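Visitor: Here is my input; please provide its structure:
(one chain, ligands or ions: 1)
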Amino acid sequence: MTVSKQTGKEVATIARRSKRSPAEFSMKFTFGTNWKMRNLGRDEAREYVRVVAASLPRLANTRIFILPPVTLIRDMALEAAENRILIGAQNFHWAPEGEFTGEISTALLKQEGAAIVMVGHAERRSLFGESDQVINRKLKRALADGLQVVLCVGDSEPDLAAAKLQETFFRQIGIALDGVAPDASGKLIVAYEPVWAIGEAAKGAPSGEQVTSCVDLIRRALQRAFGGAADEIPVLYGGSVGPGNCRQFVAGTGVNGLFVGRSARDPHRFVLLIQEALSVMEKKTPNAPP
Ligand code: PEP
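Guide: Numbers count the residues shown, from 1 in each chain. Have a look, this model is predicted:
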């Protein structure tokens with residue numbers, strides 16, 4: 001691959017970030033945001049990173065990732081270069097390169113400074129027809145290229161029976177991780193996002209009990225795929241979370257952090273939300289992975 005025009009400083013910064021080891025990111029709590037197709041200027045995007053970075057001294061033991069639209073990755077990755085915020089992509093193709101008009105490869109994303117990518121978001125599954133098999137191919141590509149991966153899974157209806165929930169998570173996780181070695185655990189994050197609870201069309205949000213039982217099923221599915229190595233994988237909750245309501249999703253539910261859409265549009269609100277969640281998780285719950 002031919003590297004595009006970059007200043008020496010940019011090349012060095014991005015190379016340094018892509019060489020960080022998974023252990024460097026083995027923080028107790030993880031918080032992420034997906035910006036979807038939000039139109040934001042480069043300056044605003046950089047400012048967002050600055051605001052979140054400024055709060056890091058108050059957020060010990062946390063790993064934060066931001067998934068902006070692809071054209072903002074470079075600016076944000078450069079802004080985040082000296083701190084522990086990961087910038088990454090919402091989508092990419094499973095092939096290393098080739099005749100896939102309109103698609104983007106992991107190599108190009110890394111060139112922009114992406115350190116993390118997402119697969120399996122409900123909008124990719126429903127609007128773009130991405131199957132569990134496609135998610136598996138993408139996940140393997142990302143891991144092969146040394147990227148961290150957020151795998152989203154979720155139930156489709158608020159009142160699914162326990163057997164149906166188990167079937168859903170075991171299928172989504174079993175297929176997504178098919179052919180993936182357990183030693184990839186350090187590179188994986190799973191986001192539990194009930195499809196009915198995310199975005200503007202959300203029908204509501206799950207109770208703490210619902211989150212607890214779904215996270216438990218997700219952990220069982222991960223253990224089935226990876227055995228003991230699965231314990232390293234953080235499981236986040238996402239869907240209609242905001243400052244003021246995060247306690248129900250994190251208090252005693254077994255989640256290791258949150259994945260946020262609308263409530264993270266403003267960086268100050270995102271930081272507030274993280275602080276609220278941490279105050280519950282650090283004191284009241286044994287959420288931290290060993
Ligand atoms: C999402 O769409 O992944 C999400 C978590 O959205 P929101 O927080 O806006 O419900």
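
Visitor: just checking, residue 72 is part of a helix?
Guide: Yes. Under DSSP: H, G, I helix; E, B strand; the rest coil, residue 72 falls within a helix.

Visitor: ok, the nearest residue to it once chain neighbours are set aside - contacts?
Guide: Leaving aside its chain neighbours, residue 72 sits nearest to residue 45 (4.4 Å; criterion: Cβ to Cβ, 6 or more residues apart in numbering). Heads up, the C-betas are built off the backbone N, CA and C, glycines and all. In this structure, residue 45 makes contact with 68, 72, 75, 76, 79, judged by Cβ atoms under 8 Å, 6 or more residues apart in numbering.

Visitor: Can you tell me the element residue 45 falls in?
Guide: Using DSSP states H and E, residue 45 falls within helix 42-55.

Visitor: What helices and strands are in contact with the very next helix or strand once past that helix?
Guide: Sequence-wise, the next helix or strand downstream of helix 42-55 (DSSP H and E) is strand 62-67. In terms of contacts (3 or more Cβ pairs under 8 Å, 6 or more residues apart in numbering; DSSP states H and E), strand 62-67 is packed against strand 29-34, helix 42-55, strand 85-89, strand 116-119, strand 148-153, helix 267-284.

Visitor: I'd say residue 217 and residue 167 touch.
Guide: No. At 9.6 Å, residue 217 does not count as touching residue 167 under the criterion of Cβ atoms under 8 Å.

Visitor: Neighbour count: the two, which is higher?
Guide: Shown here are residue 217 and residue 167; by other Cβ atoms under 10 Å, residue 217 has more neighbours (21 against 14).

Visitor: Check what pLDDT the nearest residue to the more buried one once chain neighbours are set aside gets.
Guide: Closest residue to residue 217 apart from its sequence neighbours, by Cβ to Cβ, 6+ apart: residue 169 at 4.7 Å. On pLDDT, residue 169 comes in at 98.

Visitor: Assess the claim that residue 169 and residue 218 are in contact.
Guide: Yes. Look at residue 169 against residue 218 with Cβ under 8 Å: they come within range, at 5.2 Å.
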